[in-house]
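Peer 1: next come a sequence and a model predicted from it.
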Amino acid sequence: MDTDSFPGQLARTQRFTLGVPRSFTLSPDGARVLFLRTRGPESRVGCLWLFDGDGERLLADPDALAASAGGDGTVPAAELVRRERARERTTGIVGYAADAAVRTVVVALAGELWVLDLDDAGGSSARRVPTPGSVVDPRPDSGGRRVAYVSGGDLHVVELEDGKDRIVSDLEDSPDEDVTWGLPEHVATESMHRAHGYWWSPDGTRLLAARVDVSRVQRWWISDPSDPARAPRAIPYPAAGTANADVSLHMLALDGSRVEVDWDREAFEYVTAAAWDEHGPLVTVQSRDQRTVRILTVDPDTGATELLHEQRDAAWVELVPGTPARTASGVLVHYEDRGDTRSLTVGGRAVTPEALQLLQIVSVHGESVIFIAGDEPTEEHLWVYEDGEVRRLSDGPGVHSGKRAGGTTLLASLTEAGREVRVMRAGGAKDVVLKDLSAVPTVLPRVTWLRLGELQFRAALLLPSWHRPGERRLPVLLCPYGGPAARLVMRTRISYLSEAQWFAEAGFAVLIADGRGTPGRGPEWDRTIYGDRMSLPLQDQVTALHAAAEQHPDLDLDRVGIRGWSYGGYLAAAAVLRRPDVFHAAIAGAPVIDQTLYDTHWTERFLGHPEQNREGYELSSLLPDAPHLRRPLLLVHGLADDNVVPAHTLRLSAALLAAGRPHRVLPLAATTHMPTDEAGMAGLLRHQLDFLCEALGVEEPED
């Protein structure tokens with residue numbers, strides 16, 4: 001293992017995500033596959049590729065397109081915000097959209113609209129479509145005749161035949177920087193899985209569009225202290241307990257007519273999902289307390305709504321990506337929580353077996369449903385429901401996703417052996433594996449998979465490759481996330497496992513454990529953290545640590561560190577503040593210290609409104625724990641973070657100073673929620689290792 005070069009490689013490859021095929025679209029006949037991939041393992045420039053019967057070929061090179069356009073390359077501010085919400089690490093072509101036949105493909109490049117026309121012979125042509133302003137989120141109608149996009153807060157439609165461009169959003173709205181059409185609000189992208197703010201009708205004559213008014217949302221200011229010449233930028237941030245954006249929906253016809261969708265917006269202020277299929281518009285709304293979700297059908301001519309389905313829960317109603325949907329016959333495809341199983345439902349009937357946890361609906365074709373689910377928390381598999389039966393399409397431990405159309409199945413797999421994207425076509429055609437240009441880590445994980453404690457916490461233990469049992473006791477480093485947004489213990493070769501092995505090679509036993517509240521183990525498991533986001537997750541890390549030490553006596557419980565980012569950083573800070581008897585040093589990156597400083601939809605899902613659960617917010621805040629610090633603590637935060645704002649770290653640091661408790665703070669200049677610059681990422685990793693070695697008395701191992 002080449003540990004010296006690993007930090008730089010991790011940074012240059014953006015955690016080994018560059019060069020990986022992603023964002024797949026299959027044509028209805030399954031003959032063509034569109035996908036994105038950067039040029040190589042260390043290139044951040046995304047390109048659009050096409051796979052067909054003749055193999056792979058480059059469909060759109062952003063550098064060539066930009067050179068022919070002659071623009072200045074400036075990315076619109078709204079697009080930069082969209083990329084930050086999506087944690088997008090690449091440049092160039094970072095997204096695309098196609099019509100129903102996958103013949104017309106559109107991309108936005110530096111605010112300019114490009115259209116690619118594909119022909120039956122596999123040829124293509126690219127042309128720039130002039131627009132009056134910068135383009136964000138362009139998407140064609142199903143017939144490929146026109147393209148909608150957002151520019152300057154308005155929703156436009158441009159006709160591809162003659163280039164006629166019109167504003168279809170409400171022209172009676174006076175220009176107002178607080179109002180935008182066709183873009184999702186902050187909490188929709190961060191917490192609801194909703195990436196869009198408009199939806200085409202199947203015939204391409206109307207759009208269902210969101211109007212977002214943020215005038216009542218409080219303003220926060222994000223600045224870059226490393227550049228005092230740059231003015232701070234204002235962002236509307238709906239923190240827990242404060243006002244949300246006012247979101248309404250409207251039917252916008254190309255002939256200029258407009259109809260507002262009518263529902264009880266005061267009682268159901270969140271629009272969590274929307275779609276428009278052959279049966280009409282379908283809208284999902286949620287109450288502020290998130291305990292009630294309603295699925296509404298909409299009359300596109302009058303805007304009147306009818307209740308199709310309602311869900312209630314005493315804690316919160318989960319939002320499952322891809323739900324709701326309808327089959328070709330109009331049957332509702334959704335889910336229900338039955339005991340501790342989240343089941344796929346078709347027509348109100350559960351069709352998946354007990355203990356198979358539905359994670360996402362990928363697509364619905366005719367009466368068939370493609371979905372992702374798992375019956376083992378360390379795995380995710382691609383499934384299909386058709387002809388009244390459920391069948392798994394993927395095999396072997398790992399994380400599997402994919403697409404299916406016209407007899408072709410695309411299976412994207414991440415396993416312990418690495419990544420593979422396999423195209424399996426009907427008719428006896430040979431399977432084809434799309435090229436994966438990503439780098440192979442110079443440090444490969446050596447994982448011992450564990451089940452710990454009475455609750456069988458899934459865990460991964462990584463020991464130094466040079467360690468021999470019984471030779472020496474190893475200091476322990478916990479690297480959890482531990483929150484409801486993600487699992488880390490998955491049977492894959494993912495970057496954080498290589499990162500954990502890098503720490504292990506320096507002399508640590510690295511333990512990663514998923515405790516209560518992490519997804520994938522059922523609704524009852526999810527809801528254990530309702531009302532108190534910290535007590536049980538922290539307890540579970542302690543339980544996992546002690547159980548691992550019982551199985552592996554070389555773990556030294558007198559030298560235990562913990563590091564994490566975002567919720568993991570919050571968990572790491574809580575560990576040394578609340579359990580210094582167990583944890584002896586911590587690194588907390590971008591931690592959510594004060595729950596009142598995080599957004600409404602995410603925070604109130606678990607803690608409710610601050611006025612109704614003050615005790616829960618106090619239990620979940622680490623500020624009152626500052627006087628208890630007696631272990632080394634390193635706080636790390638990006639100063640340009642507009643998701644978990646730097647105020648979290650700064651307020652904890654101030655409380656620690658006021659209590660006379662020494663600690664360290666590492667500010668990251670011009671860095672958002674996830675560091676992406678090469679020098680900063682590599683330097684941060686080495687700095688963390690130095691801190692842990694010093695804090696825990698770890699000597700560098702002999703070669």
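Peer 2: Ah, there it is.

Peer 1: which residues sit in contact with S142?
Peer 2: 99-100, 200, 202-204 (CB atoms under 8 Å, 6 or more residues apart in numbering). No exception for glycine: its C-beta is placed from N, CA and C like everyone else's.

Peer 1: state the distance from the closest residue to it other than its chain neighbours to I93.
Peer 2: Spatial nearest neighbour of S142, chain neighbours left out: A100 (4.1 Å); criterion: CB to CB, 6 or more residues apart in numbering. To I93, A100 is 21 Å away according to CB to CB, to the nearest Å.

Peer 1: who has more neighbours out of those two?
Peer 2: I93 (24 against 16; other CB atoms under 10 Å).

Peer 1: just to revisit the earlier point, and the contacts of S142, which is closest to G427?
Peer 2: Among the contacts of S142, A100 lies closest to G427 (CB to CB), at 23.0 Å.

Peer 1: could you pull out the strands in the stretch 401-550 of the chain for me?
Peer 2: With DSSP state E, counting those that start in this stretch, the ranges of strands along the stretch 401-550 of the chain come out as 408-415, 418-424, 432-433, 447-452, 457-462, 474-478, 509-514.

Peer 1: one more: the stretch 251-400 of the chain?
Peer 2: In the stretch 251-400 of the chain, the strands defined using DSSP E, counting those that start in this stretch lie at 258-260, 270-277, 280-286, 292-298, 305-312, 325-326, 332-338, 341-346, 349-350, 357-365, 368-374, 381-386, 389-392, 399-405.

Peer 1: could I get those strands in CSV, plus columns for mean neighbour count and distance to R614?
Peer 2: Listed next are the strands of the stretch 251-400 of the chain as CSV, based on neighbours: other CB atoms under 10 Å; distance: least, CB to CB, whole Å:
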stretch, mean neighbour count, distance to R614
strand 258-260, 16, 37
strand 270-277, 22, 23
strand 280-286, 22, 23
strand 292-298, 21, 23
strand 305-312, 14, 25
strand 325-326, 20, 39
strand 332-338, 19, 28
strand 341-346, 21, 31
strand 349-350, 13, 38
strand 357-365, 20, 33
strand 368-374, 22, 37
strand 381-386, 21, 42
strand 389-392, 12, 45
strand 399-405, 21, 39
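
Peer 1: which of these sits closest to Q9?
Peer 2: Across the strands of the stretch 251-400 of the chain, closest to Q9 is strand 399-405 (CB to CB), at 22.3 Å.

Peer 1: the nearest residue to V542 once chain neighbours are set aside: neighbour count?
Peer 2: In this structure, V542 finds its nearest non-sequential neighbour in V582, 5.3 Å apart by CB to CB, 6+ apart. V582 has 17 neighbours, counted by other CB under 10 Å.

Peer 1: V582 and R631, how far apart?
Peer 2: Distance from V582 to R631, by CB to CB: 10 Å.

Peer 1: quick one: pLDDT of R422?
Peer 2: On pLDDT, R422 comes in at 97.

Peer 1: revised request: answer the last question for L48.
Peer 2: 98.

Peer 1: wasn't it part of a helix?
Peer 2: No - counting by DSSP: H, G, I helix; E, B strand; the rest coil, L48 is not part of a helix but strand.

Peer 1: who touches it in this structure?
Peer 2: L48 touches 34-36, 58-60, 93, 96, 105, 107, 116, counting by CB under 8 Å, 6+ apart.

Peer 1: contact partners for the nearest residue to Y598 once chain neighbours are set aside?
Peer 2: Excluding its sequence neighbours, the residue lying closest to Y598 (CB to CB, 6+ apart) is V592, at 5.2 Å. Contacts of V592 were listed using CB under 8 Å, 6+ apart, and they are 566-567, 569-570, 598, 644, 648.

Peer 1: just the element for V592, please.
Peer 2: Secondary structure assignment for V592, by DSSP states H and E: no helix or strand.

Peer 1: measure it to D641 for me?
Peer 2: For V592, the distance to D641 - CB to CB - is 11 Å.

Peer 1: one more: A412?
Peer 2: A412 is 30 Å from D641, by CB to CB.

Peer 1: now do S27
Peer 2: Note on S27: its distance to D641, by CB to CB, is 40 Å.

Peer 1: please, where are all the helices along this protein?
Peer 2: 6-12, 62-69, 77-85, 186-191, 495-505, 523-526, 535-551, 567-578, 600-607, 614-620, 647-658, 678-696 (DSSP state H).

Peer 1: ok, which of those comes nearest E278?
Peer 2: helix 186-191 (25.1 Å).

Peer 1: which of the residues in the closest one are buried?
Peer 2: Residues of helix 186-191 classed as buried: 186-191 (neighbour count, 16 or more other CB atoms under 10 Å).

Peer 1: list the beta-bridge partners for L474.
Peer 2: Beta-bridge pairing for L474 (DSSP bridges): L555.

Peer 1: pull the contacting residues for it.
Peer 2: L474 neighbours (CB under 8 Å, 6+ apart): 463-464, 467, 507-509, 554-556.

Peer 1: residues touching the nearest residue to G19 once chain neighbours are set aside, list them.
Peer 2: When the adjacent residues along the chain are set aside, G19 lies closest to L437, with 3.2 Å between them (CB to CB, 6+ apart). Contacts of L437 were listed using CB under 8 Å, 6+ apart, and they are 18-20, 37-41.

Peer 1: report pLDDT for L437.
Peer 2: L437 is given a pLDDT of 98.

Peer 1: ok now stretch 426-439, how far from the chain's centre?
Peer 2: For stretch 426-439, the separation from the chain centroid amounts to 26 Å (computed by CA atoms, centre = their mean, to the nearest Å).

Peer 1: distance check, the residue nearest to G19 against A86.
Peer 2: For L437 relative to A86 (CB to CB), the value is 21 Å.

Peer 1: only C-alpha atoms, please: export stretch 569-581 in PDB.
Peer 2: Only the C-alpha atoms of stretch 569-581 are listed here, as PDB (Å, rounded to 0.1, in the frame of the first residue of the first chain):
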ATOM      1  CA  GLY A 569     -19.000  15.700  13.200                       C
ATOM      2  CA  TYR A 570     -21.800  16.400  15.600                       C
ATOM      3  CA  LEU A 571     -21.600  12.800  16.900                       C
ATOM      4  CA  ALA A 572     -17.800  13.100  17.300                       C
ATOM      5  CA  ALA A 573     -18.100  16.400  19.300                       C
ATOM      6  CA  ALA A 574     -20.800  14.900  21.500                       C
ATOM      7  CA  ALA A 575     -18.600  11.900  22.200                       C
ATOM      8  CA  VAL A 576     -15.900  13.800  23.900                       C
ATOM      9  CA  LEU A 577     -18.300  16.300  25.600                       C
ATOM     10  CA  ARG A 578     -20.700  13.700  27.000                       C
ATOM     11  CA  ARG A 579     -18.600  10.500  27.200                       C
ATOM     12  CA  PRO A 580     -15.000  11.500  28.000                       C
ATOM     13  CA  ASP A 581     -14.800   8.200  30.000                       C
END
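
Peer 1: noted, bye for now.
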